[in-house]
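S.K.: quick one: sequence plus predicted model below, questions after.
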Amino acid sequence: SLVLLTGASGFIATHTVQAFLDAGYPVRGTVRSKDKGEYLANLFKGSKVPFEYIIVEDIGKSGAFDEAVKDVVGVAHTASPFHFKATNPEELIRPAVDGTVGVLKSIQKHNPNVKRVVITSSVAAIRSGAPSPAVYTEKDWNEQSTENVKKLGSAANPSDKYQASKTLAEKAFWKFIEDEKPSFDGATIHPPLTMGPVIQPLGSIEQINTSNGIVLSWFRDNHKQDEIPPSAPFNWVDARDVAQAHVRALAVPEAGGERFITSAGPAGPNDYVLAFERFFPDRTTYPKGNKAEVATWHAKSDLFDGSKAERVLGIKYHQLDESVKDTIDSLVKRYNV
Ligand code: NDP
């Protein structure tokens, strides 16, 4: 029951390795360096089933996954660049799309025993830009980010570049399955801003993954009261729930051919700082939250409906308080933030 997980050294991926091992699936993870592989081998050395790693330096290279896919029964593909620093949108789009299609081609060529492939898409591929407050479901697609990037190229805004990379990668995934009719079917996981304990390899705190970096910044960087927006700018989820969704999506027969939003609902800076006040009241590095407005501000926020993942995959979402506490605790312990 060996499972392949690509990008195993990433934030969401390390939790996903843990979830697969806990569920009794041995895991082979792809990493870009031996150092990261060894870090993970050490992190998972006490687990009840084995973890092994294989080095895949460039996910975009043709045949990159030919060795990695051998002998596995299922594949979870999470590797994809997630940052807002790209100038040329192709810096994000090429690895996202070529990495996805590359894994599928390697499976098709080398391993007909793979029955299901799960990829980490995003609400970025769903958010169609409807007027707020919008309620999004798995039927929605983000077409506008790709259009903006086509029109504006390097001048497109950073979030459109990332969102286009996720949309195009997911479209390529479903198209491959439809056109090629391979041995496997597919399922996609769509998280919003994901937070959770930092257990992945990191050279320094400055290399923290993008989504936890946002929560850390609100905790640490002396943001001002008036920077807090009067609605939740986004939805959130705990990485451990996203990890569980990958495991279940690979195992549950009804998940085949389906998209799953994994979202615990609206949250934003106001919600984060209120949680900081509860658990880290002695710190003076974050602004004061507005408790009286929480319900009003949530009512004005977009909602990504995560109920299908609860129903079909059996996901039970963490509460924001617990997730914020565990995230910051992990950073205080490891980096004394
Ligand atoms: P990380 O940056 O921690 O993980 C990204 C992973 O992809 C890392 O393992 C990274 O390798 C690998 N990777 C990126 N670019 C390349 C490349 N060109 N070649 C090989 N490997 C590459 O971020 P997350 O854990 O947050 O992201 C994981 C997935 O989840 C991504 O697909 C992302 O789009 C998606 N996602 C994340 C959300 C979030 O809020 N965190 C929300 C929705 C979706 P290395 O460690 O060596 O850099």
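M.R.: That came through, no problem. Numbers count the residues shown, from 1 in each chain.
S.K.: wait, Val27 touches Gln18, no?
M.R.: No: using CB atoms under 8 Å, Val27 makes no contact with Gln18, being 9.1 Å away. For glycine as for every other residue, the C-beta is placed from the backbone atoms N, C-alpha and C.
S.K.: which one's more surrounded, these two?
M.R.: Under the neighbour definition other CB atoms under 10 Å, Val27 and Gln18 were set side by side, and Val27 has more, 26 against 21.
S.K.: tell me what that one is bridged to.
M.R.: Val3, Phe51 (DSSP bridges).
S.K.: can you give me the neighbour number for Gly306?
M.R.: 25.
S.K.: how much space between it and Lys325?
M.R.: Applying CB to CB, to the nearest Å, the value for Gly306 to Lys325 is 21 Å.
S.K.: got a list of contacts for stretch 284-296?
M.R.: 218-225, 227-228, 230, 270-271, 273-274, 276-277, 297 (CB atoms under 8 Å, 6 or more residues apart in numbering).
S.K.: stretch 245-260 now?
M.R.: Contacts for stretch 245-260 (CB under 8 Å, 6+ apart): 3, 16, 19-20, 23, 25, 74, 76, 78, 116, 118, 120-121, 126, 138, 185-190, 262, 308-309, 312-315.
S.K.: close to the ligand: what parts of the stretch 51-200 of the chain are there?
M.R.: 58-59, 78-82, 95, 120, 122, 166, 191, 193-194, 200 (CB under 6 Å from any ligand atom).
S.K.: who are the neighbours in contact with the residue in the chain that the ligand sits nearest to?
M.R.: Closest approach of the chain to the ligand (CB to the nearest ligand atom) occurs at Gly10, with a separation of 2.5 Å. Gly10 sits next to Thr78, Ala79, Gln200, Asn209 when contact means CB under 8 Å, 6+ apart.
S.K.: quick one: pLDDT of the spatially closest residue to Asn111 that is not a sequence neighbour?
M.R.: With CB to CB, 6 or more residues apart in numbering as the criterion, Asn111 has its nearest non-adjacent residue at 4.8 Å, and that residue is Val69. Per-residue confidence (pLDDT) for Val69: 98.
S.K.: mind checking the SS state of Val69?
M.R.: Using DSSP: H, G, I helix; E, B strand; the rest coil, the structure places Val69 in coil.
S.K.: got the contact list for it?
M.R.: Per CB under 8 Å, 6+ apart, neighbours of Val69: Leu4, Val75, Val103, Ser106, Ile107, His110, Asn111, Val114.
S.K.: in strands, which of these fall?
M.R.: Among those, the residues falling in strands (DSSP state E) are Leu4, Val75.
S.K.: thinking again about what came up before, buried subset of the contacts of stretch 284-296 as a PyMOL selection?
M.R.: Typed into PyMOL, the line below selects the buried ones among those, using 16 or more other CB atoms under 10 Å:
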select buried, resi 218+219+220+223+228+270+271+273+274+276+297
